[in-house]
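S.K.: For reference, the sequence and a predicted model appear below.
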Amino acid sequence: MRDVRGARGPRLRAAAAAARPDRGLHRGGRLPLPIRGVGHGRRVKLAHAVHGHGPPLLLVAGTGFPGATWPPETVRPLARDLTVVTFDHRGTGATPATPGPYATRTFAADAAALLRELGLAPAHVLGHSMGGRVAQWMALDAPDVVASLILAASGPGPFRADRPHIRAVPPYTRERIAQLGYEGYIAAHIRDTFFTPEFAAAHPERVARLVTAFWEHRPTLGNYLKHVAARQRHRTTHLLDRIRLPTVLLIGDRDTHEGGTGNHWEQSQYLAAHLPRAELRVIRGASHGLFWERPEETVAAIRAWAAKTEPATTGRASPSRPR
């Protein structure tokens, strides 16, 4: 793995200093990354890592999840023939938090700026759960950085008039955190929604490994709830016809849990019906955490898709490298 968290050029330093002469360097001398497009104003330096070689693939994690939660069973085989980029959303892992509310559109601007900085655009963009919502905004606001979309267990926001949708942290989430505490809630949420009951019973160590990866790089509770609220406010339902990039939808046939945004099986079916260039790939026996529960099948699906839709490399700059 090549860790490129500190890479910077003099031109970027000068531009950042000119834009914010009163702030300069922060957090050990690292410069913030400029947010392009629509966002909540403040710039942030995304902690990230680059693995492997080949056409670029950006992995965009779900609600409050840091980059360290991506399983090695997924990253390592993909990195054999792809340049895999993982990163921490603002307020998670090693990426600083910012004041005010978060939005999936802001996260998309962060990720697009990262790809431009690394010289890895256009890239295949894989978003899991809320990460798929972020990827949709990347396709809408920064289509030049996206070669194709891989939307895994995701959705567009509310689309059923007969089902109420809460545009804030759902009461159930607040109540469970009050009952179980933050750590207990995360452990129960991952066990109950990411894995089928039979898989969780047969492989408790796999469940525990994901819980530990989250907890060791967790956002504060306040930042986690800001991520939840950003997910709940997401809505691209009315914009799906504008996303004309090739898209594959990955969904487990057991991903039917009714959460804060409904269930992802129904949402993936809706995306398949309304995205102009989408195809659906069902992972049998998988729940919401298909990358952790069925890594072989998901890796095979991603590699086949990347080979089918390999982005052009003409004119792409070389990736940034550590000093």
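M.R.: Looks like it came in fine. No experiment lies behind these values; they were computed from the predicted model shown.
S.K.: can you tell me how far the residue nearest in space to the middle of the chain sits from Ala123?
M.R.: Averaging the C-alpha coordinates of the chain gives a centre point, and the residue nearest to it by CA atoms, centre = their mean is Val60 (2.2 Å). When distances are taken as CB to CB, to the nearest Å, Val60 and Ala123 turn out to be 11 Å apart. C-beta here means a position set from N, CA and C on the backbone, and glycine is covered the same way.
S.K.: ok, now Pro71?
M.R.: Distance, Pro71 to Ala123, by CB to CB: 20 Å.
S.K.: can you pull out the helices in the protein?
M.R.: Along the chain, counting by DSSP state H, helices occupy 10-19, 72-78, 104-118, 130-141, 171-189, 197-202, 204-216, 221-233, 264-274, 290-293, 295-308.
S.K.: And those helices: which comes nearest Ala47?
M.R.: Set against Ala47 and scored by CB to CB, these come closest in helix 104-118, at 10.0 Å.
S.K.: Dump that closest one to CSV, restricted to CA.
M.R.: Coordinates of the C-alpha atoms in helix 104-118 are reproduced here as CSV (Å, rounded to 0.1, in the frame of the first residue of the first chain):
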residue,chain,number,x,y,z
THR,A,104,-24.0,14.2,0.9
ARG,A,105,-23.3,16.9,-1.6
THR,A,106,-20.5,18.3,0.5
PHE,A,107,-19.0,14.8,0.9
ALA,A,108,-19.1,14.5,-2.9
ALA,A,109,-17.2,17.8,-3.4
ASP,A,110,-14.6,16.5,-1.0
ALA,A,111,-14.2,13.3,-2.9
ALA,A,112,-14.1,15.0,-6.3
ALA,A,113,-11.4,17.3,-5.1
LEU,A,114,-9.3,14.4,-3.8
LEU,A,115,-9.4,12.6,-7.2
ARG,A,116,-8.3,15.8,-8.9
GLU,A,117,-5.5,16.3,-6.4
LEU,A,118,-4.2,12.8,-6.9
